[in-house]
Structures are given as C-alpha cells and as structure tokens.
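Engineer: Structure, please.
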Amino acid sequence: MYEFFGNNWPLALKQNSLYSFNTLWQLQADWFEEPNIRRGGWSGVVKIPLKNGKDEPSYIFIKRQENHTSRTWRHPLSGIATFQKEYENIKRFHHYHIPTLELVYFGTRTYNGNLQAIIATQDLAGYFPLDTLLPSSDLGTIDNWKTKRSLLIATARVLSRMHQHNIQHNSLYPKHIFAKKVNNDWDIRIIDLEKAKRRLLKRTAILRDLGTLRRHTLDWTVKEQMTFFKAYVNETKLSPKSKKLWYQIQDRVLNKSK
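Structural biologist: This next block holds a predicted model:
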C-alpha cells in the first residue's frame, strides 16, 4: 500500500477520523457524481466537510475507485489506477508552479485481488469554470472589457507556462480551467489531469491543447481570441512565427469540424 498526505492536512484528517486508507474507503456519504462503471471497475466522488476548529468547515472531494485502470508504457498489460496518473500530474504541476488542485490525500492498495485507489483534494471554493465566466456575465463577475481582458491574459499565461514544460493537458476544455477574482487579477487553476502527459516536442502539446480549447470557445469574439493568443505568446504584435501557429491552430479546428 502507498499513502501520501498533503501539507497541513494530516491534523484535519485525524480530527475527522479519516486518517487512513481504510477509514476514507469506508466513509459513508452521498455521491457527488454517480459512479462511473466500466470494464469491471468503478470510480465515484463524494464531497464532505472537514471540521477544522473554525466556524466554517473545509470542504474536500474524495474520489474512490476499484479496478479502474489505464495502461502506461511502464505497465502496458496491468495498467495503473487512473487516480495514480492524476496524483502524479498534480505533483508535477506543483513542481513547475502551475496552479492546480491542492492535494489532501492519495493512497492505493490491492485488497482481495482488487486494485483500489483514493485521491482527495480541496474544494475550489469561490472558483468558477471558464465556460461559466466567458462569454456569459450571468454571475455578475465579468461586467466589463477590462475585467474580461484580465481573465483572458491570466489564463493564457498559465497555459503558456504549462506548455513551456512540454506538458500536454490532453483534455483542455473551458470547464477544466477554473478562475477566481482576487483584487484586480485572477487566480487560475487547471483541473482534471488524468490524461495529462509530457511531450517530447513542445509544439505537439501546444497544437493539441490550443486546438481543443479553440474548438470549445468558438463563441469568443475575434477580439477575445486575439487578446488570449497575444498574451499566450507574450507579444503585442504577432511575429511571423506566432502568425504561423495561429493559422495552424485554426486549421486543426477546421479539420476537426469536417
């Protein structure tokens, strides 16, 4: 069995009698999302409050799975728990200072011949996904171009940092980019890292991720798209190299739509 406890979380888990794989595994709570059942395995999520000595509890998500695996080049036949991939990618993001979820706990074990895994992360309280914030202003957050522009720029800079380390998210939909207004800026968090991977060529990661994001933000205006892209390449006027990348992304979008 393998266990990892996030910084500052062991005490809170102990105070809530959840300081072990077994107690987390046997926790009774309503499903936040209905379990995903496939190929003889299952995976499900619950959301619970943790008492922390303050007036307001801390909420965490606890994801549990059994025999829910993904094959890797190191484990081409048996595979590994998909949560292990997510755990390793969250730690990789933290290493490169790419904002993502805060790890509370990760553990994996084999029990009665079944591969079980748990990953717990802190709730992103006050954060909203990009597809909620843009282009709609229903939440009252995006009320002017200056605010919208700052969100586009903050998002672009985080994604650029991710790609500078040759990391491909591999599922970069707006719903996987969360943002929270902090004073006059935005705090961005990238989630859903199960499919993320390192790429030999940075350009491969860029084209895949930005192509996916562009396909799912077709309702952004040209002004919004260009503001995002200029911030991503860190240019006020696009260079020939950046223009070529812009059109390559555009071509991917057109080819996918055919």
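
Engineer: mind listing the strands for the stretch 101-250 of the chain?
Structural biologist: Using DSSP state E, counting those that start in this stretch, the strands of the stretch 101-250 of the chain run over 103-111, 114-122, 128-129, 167-168, 177-182, 185-190, 197-198.

Engineer: List the contacts of the spatially most central residue of the chain.
Structural biologist: Nearest residue to the geometric centre of the chain (CA atoms, centre = their mean): Ile191, 1.0 Å. Contacts for Ile191 were tallied using CB atoms under 8 Å, 6 or more residues apart in numbering; they are 100-101, 124, 176-178. Any C-beta I mention is one placed from the backbone N, CA and C, and that applies to glycine too.

Engineer: can we see that at 7 Å?
Structural biologist: Ile191 sits next to 100-101, 176, 178 when contact means CB atoms under 7 Å, 6 or more residues apart in numbering.

Engineer: now for those, which pair is the farthest apart?
Structural biologist: Farthest pair in these (CB to CB) is Leu101 and His176. Separation: 11.1 Å.

Engineer: Those two: who's more crowded?
Structural biologist: Leu101 (23 against 19; other CB atoms under 10 Å).

Engineer: In JSON lines, list the contacts of Ile191 along with pLDDT and distance to Ala156.
Structural biologist: Formatted as JSON lines, these follow (pLDDT from 0 to 100; distance: CB to CB, whole Å):
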{"residue": "Thr100", "pLDDT": "98", "distance to Ala156": "17"}
{"residue": "Leu101", "pLDDT": "98", "distance to Ala156": "20"}
{"residue": "His176", "pLDDT": "97", "distance to Ala156": "15"}
{"residue": "Phe178", "pLDDT": "97", "distance to Ala156": "15"}
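
Engineer: I'd like to know which of those is nearest to Arg198.
Structural biologist: Thr100 (15.3 Å).

Engineer: wait, is the closest one part of a strand?
Structural biologist: No. Secondary structure of Thr100 (DSSP: H, G, I helix; E, B strand; the rest coil): coil, not part of a strand.

Engineer: show me what contacts it?
Structural biologist: When contacts are counted by CB under 7 Å, 6+ apart, Thr100 is found next to 90, 93, 189-191, 193.

Engineer: And Pro57, what's its pLDDT?
Structural biologist: Here, the pLDDT recorded for Pro57 equals 84.

Engineer: Quick check: beta-bridge partners of the closest residue in space to Pro57 that isn't next to it in sequence?
Structural biologist: For Pro57, ignoring the flanking residues on the chain, the nearest one in space by CB to CB, 6 or more residues apart in numbering is Pro49 at 3.6 Å. Taking DSSP bridges as the rule, Pro49 bridges to Tyr59.

Engineer: so how many other residues sit close to Pro49?
Structural biologist: Neighbour number of Pro49 under other CB under 10 Å is 12.

Engineer: same check, this time on Glu56
Structural biologist: By other CB under 10 Å, neighbour count at Glu56 equals 8.

Engineer: That one: what secondary structure?
Structural biologist: Under three-state DSSP, the three-state class of Glu56 is coil.

Engineer: Thanks a lot, catch you later.
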